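Engineer: Whatever this is, show me its structure:
(2 chains)
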Protein chains: 2
Amino acid sequence: MTRYAAYQEKNVLLVGGLGLIGANLAILLVQQGARVTIVDNFLPDHGANLFNIEPVREQVHFQSADMRDPVAMQAAVQNQDLVFNIAAQTSHSDSMHNPLLDLDINCKGNLILLEACRQHNPTARMVFVGTRAFYGTPQTLPVNEQAALQPQDIYAVNRLAAEQYHFVYQRHYGLSVTSLRLGNLFGPRSQMKHPRYNVLNYFIRMALDDQCIQIYGDGQQQRDYLFIDDACHALALAGIVPAAVGQVLNIASGQSVAFKTLIDTLVQLCGRGRWQHAPWPAQAQAYDVGDFCTDISAAARCLDWRPTTSWQDGLAQTVAFYQQHRQHYW
Amino acid sequence: MTRYAAYQEKNVLLVGGLGLIGANLAILLVQQGARVTIVDNFLPDHGANLFNIEPVREQVHFQSADMRDPVAMQAAVQNQDLVFNIAAQTSHSDSMHNPLLDLDINCKGNLILLEACRQHNPTARMVFVGTRAFYGTPQTLPVNEQAALQPQDIYAVNRLAAEQYHFVYQRHYGLSVTSLRLGNLFGPRSQMKHPRYNVLNYFIRMALDDQCIQIYGDGQQQRDYLFIDDACHALALAGIVPAAVGQVLNIASGQSVAFKTLIDTLVQLCGRGRWQHAPWPAQAQAYDVGDFCTDISAAARCLDWRPTTSWQDGLAQTVAFYQQHRQHYW
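Structural biologist: Numbering: from 1, shown residues only, chains lettered A, B, ... in the order given. All right, here's what the predicted structure looks like:
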């Protein structure tokens, strides 16, 4: 892929590199000739899984470190051409139950990483991984980058603050920053032990385990699901396309599908599991943002990127992966 | 003032109550018959000054406590009908030099106060004091509450996160929240020892000290200055007007004036001091957001409030206050 030629010999740091996004991105970047360093803190219950980087285990440098550790981050950022800031506490509900832990990781950790870059490597490019949760319940669909920012839980507030820190550091210290706001991701290498970070992946487990999936309400809520490979291509481009510096870009499929349709397809694909309707629990409803569909035209223009995997194909690949590697994830 | 009758016998907590906003608001609320409790942490260099509440010293309950202290906040919020959340680190430049301290006060402190309210007094009304800094450099003037949120320094990012925390707690836990985004305040009871929190007040000191004020650039930048008494009336109304619950409202004068005109008037008023043009220091320019004028029509409608003090009258009252009480502020 000639579009990624700039990654040849490039030093790339992935902070939070052992989860769904980081591991898949590491595999892609190693394939493109990058020298990849991964730092991850192995926080219990989070996405880190060494098996995730099995295909490139010998080609990446791995360091167990926490982004909240200034000394570790100061060492990690040195001599890097590019820093992908992927580390996060990503559970909406955990952020409500323990807002101070969420603050510690999602705000303090980001400030410490940015301070390390400012002091020790201000010329590296940085790519921040944001989320569609910044928009909350959209006023109009599809949602573009100028939509109102209305985060609806502590996770979304703190992650938005982290994105804004990056642009503050660009403004005051000249760092080169890009933020990609990702839609609902799914695919191989997500953790499968609990549903708190990624409900679709957990439902794939439930189907494979022949369990009954509860669909809250009528299941007609529209969501924009993005297969992880498409997200990784957008991230890789965001790290090298010159016009991406200073930009905030939505990254999603650009198409929405009813949740019920997705789950129905999943169950058919697995040949196992089933689903039933259930009333919305009051607490779950507080997290729900209603229908969501993303305008990805800005990313298409800026990165010359488009998703290429349909959700049906993505689901099939994901199911096949977990059928094969179940023992590393269950 | 019959509009404030609801304050009779009301228990009101002012968190961060000894600075410019808190002290003036305390005086107003005591006059209206409220039972006022002030907590303040007396952080060195910040605005707290016991002389600020001299006129009501015997009528308010005062407690030295930090909003980052969960035990103190849990005790403080109990039995209050209304909590004004005024405490903040308010220096843009300090937030860049020490982003982790800013995070600690402006984010963590707010989460701890909100957790205290959630656990021990979820029915109290809360009024959060926000800032026009959430809007950064406006795309169009005047700036209304739907304008893009583009905080440009760590202070503004963290304060915006704090505002959003309040509405997250309203959404998930039913707290009753109002946020007022205040413009550039000036008036009696601001600290006068350094310019980092409030440059206009410091320039008043410089004029009274017969010093030379540096006006960066041509001084034509338009700003919207609000006299503290007008801000306090808006805050007092926000605490009792039923329609204010759930609202974000801009509070400013609604009129802008060139900085140079303001300083020129100040020097004439004092009969002392002078000013001269100076080139913009690069660092100061990174904080500047250009012209600013505020659309206050939403607050006018919701609170039936309008500012009643011109900036000229406000300046005259402020100069007179500091001429009389200089020894408590210099």
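
Engineer: need the residues of the stretch 101-250 of chain A near chain B, please.
Structural biologist: For the stretch 101-250 of chain A, the residues in contact with chain B (Cβ under 8 Å from any Cβ of the partner chain) are A:103, A:107-108, A:111-112, A:115, A:146, A:148-149, A:151-154, A:157-158, A:160-161, A:164-165, A:168, A:171-172. C-beta coordinates here come from the backbone N, C-alpha and C atoms, glycine included.

Engineer: List buried members of those by neighbour count.
Structural biologist: A:103, A:107-108, A:111-112, A:115, A:148-149, A:151-154, A:157-158, A:160-161, A:164-165, A:168, A:171-172 (16 or more other Cβ atoms under 10 Å in any protein chain shown).

Engineer: give me phi/psi at residue A:36?
Structural biologist: phi -100, psi 130 (degrees, to the nearest 10).

Engineer: which non-adjacent residue is nearest it?
Structural biologist: Sequence neighbours aside, residue A:60 is the residue nearest to residue A:36 in space, at 4.5 Å (criterion: Cβ to Cβ, 6 or more residues apart in numbering or on different chains).

Engineer: Buried residues of stretch A:218-227, list them for me.
Structural biologist: For stretch A:218-227, by 16+ other Cβ under 10 Å, it's A:219, A:221, A:223, A:224, A:225, A:226, A:227.

Engineer: Name the surrounding residues that touch that stretch.
Structural biologist: Defining contact as Cβ atoms under 8 Å, 6 or more residues apart in numbering or on different chains, one finds that stretch A:218-227 is touched by A:132, A:182-187, A:200, A:251-260, A:262-263, A:277, A:288, A:290-294, A:307, A:309, A:311, A:313-314, A:317-318.

Engineer: Give the ChimeraX command for selecting the buried subset of those residues.
Structural biologist: ChimeraX command restricting these to the buried ones, with burial defined by 16+ other Cβ under 10 Å:
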select /A:132,182,183,184,185,186,187,200,251,252,253,254,255,256,257,258,259,260,262,263,292,293,294,307,309,311,314,317,318
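
Engineer: Go through the contacts of stretch A:218-227 and flag which are in strands.
Structural biologist: Residues of the contacts of stretch A:218-227 located in strands (DSSP state E): A:182, A:184, A:185, A:186, A:251, A:257, A:258, A:277.

Engineer: JSON lines please, covering those residues and showing pLDDT.
Structural biologist: Listed next are the ones in strands among the contacts of stretch A:218-227 as JSON lines, based on pLDDT from 0 to 100:
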{"residue": "A:182", "pLDDT": "97"}
{"residue": "A:184", "pLDDT": "93"}
{"residue": "A:185", "pLDDT": "95"}
{"residue": "A:186", "pLDDT": "95"}
{"residue": "A:251", "pLDDT": "98"}
{"residue": "A:257", "pLDDT": "94"}
{"residue": "A:258", "pLDDT": "94"}
{"residue": "A:277", "pLDDT": "92"}
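
Engineer: Which pLDDT value belongs to residue A:281?
Structural biologist: With respect to pLDDT, residue A:281 has a value of 87.

Engineer: Over to the closest residue to it other than its chain neighbours: give its phi and psi.
Structural biologist: Distances taken as Cβ to Cβ, 6+ apart place residue A:216 nearest to residue A:281, at 7.3 Å, with adjacent residues excluded. Main-chain dihedrals, residue A:216, degrees, to the nearest 10: phi -70, psi 140.

Engineer: Pairing-wise in the sheet, spell out the partners of residue A:216.
Structural biologist: On the basis of DSSP bridges, residue A:216 is bridged to residue A:278.

Engineer: Could I get the contacting residues of it?
Structural biologist: Residue A:216 touches A:277, A:278, A:279, A:280, A:281, A:284, A:285, A:288, counting by Cβ under 8 Å, 6+ apart.

Engineer: who's in contact with the residue nearest to residue A:36?
Structural biologist: Applying Cβ under 8 Å, 6+ apart, we find residue A:60 in contact with A:26, A:30, A:36, A:37, A:38, A:53.

Engineer: what about the fourth one, distance to chain B?
Structural biologist: When distances are taken as Cβ to the nearest Cβ, to the nearest Å, residue A:37 and chain B turn out to be 25 Å apart.

Engineer: same deal with residue A:316?
Structural biologist: From residue A:316 to chain B the distance is 37 Å (Cβ to the nearest Cβ).

Engineer: if you skip the residues just before and after it, what's nearest to that residue?
Structural biologist: In space, residue A:316 is closest to residue A:269, 6.0 Å off (Cβ to Cβ, 6+ apart).

Engineer: surely the one you found meets residue A:319?
Structural biologist: Yes. Using Cβ atoms under 8 Å, residue A:269 makes contact with residue A:319 at a distance of 5.5 Å.

Engineer: residue boundaries of the helices in the stretch 51-200 of chain A?
Structural biologist: A:70-77, A:92-97, A:99-103, A:109-120, A:154-173, A:199-208 (DSSP state H, counting those that start in this stretch).

Engineer: Redo those helices as CSV? Include mean pLDDT and distance to residue B:3.
Structural biologist: Shown next, in CSV, are these (pLDDT from 0 to 100; distance: least, Cβ to Cβ, whole Å):
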stretch, mean pLDDT, distance to residue B:3
helix A:70-77, 98, 52
helix A:92-97, 94, 37
helix A:99-103, 97, 36
helix A:109-120, 98, 43
helix A:154-173, 97, 34
helix A:199-208, 92, 49
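
Engineer: Figure out which of the ones you listed is closest to residue A:49.
Structural biologist: Among the helices of the stretch 51-200 of chain A, the nearest to residue A:49 by Cβ to Cβ is helix A:199-208 (12.5 Å).

Engineer: just checking, what packs against the closest one?
Structural biologist: strand A:184-186, strand A:212-216, helix A:259-270, helix A:311-325 (3 or more Cβ pairs under 8 Å, 6 or more residues apart in numbering or on different chains; DSSP states H and E).
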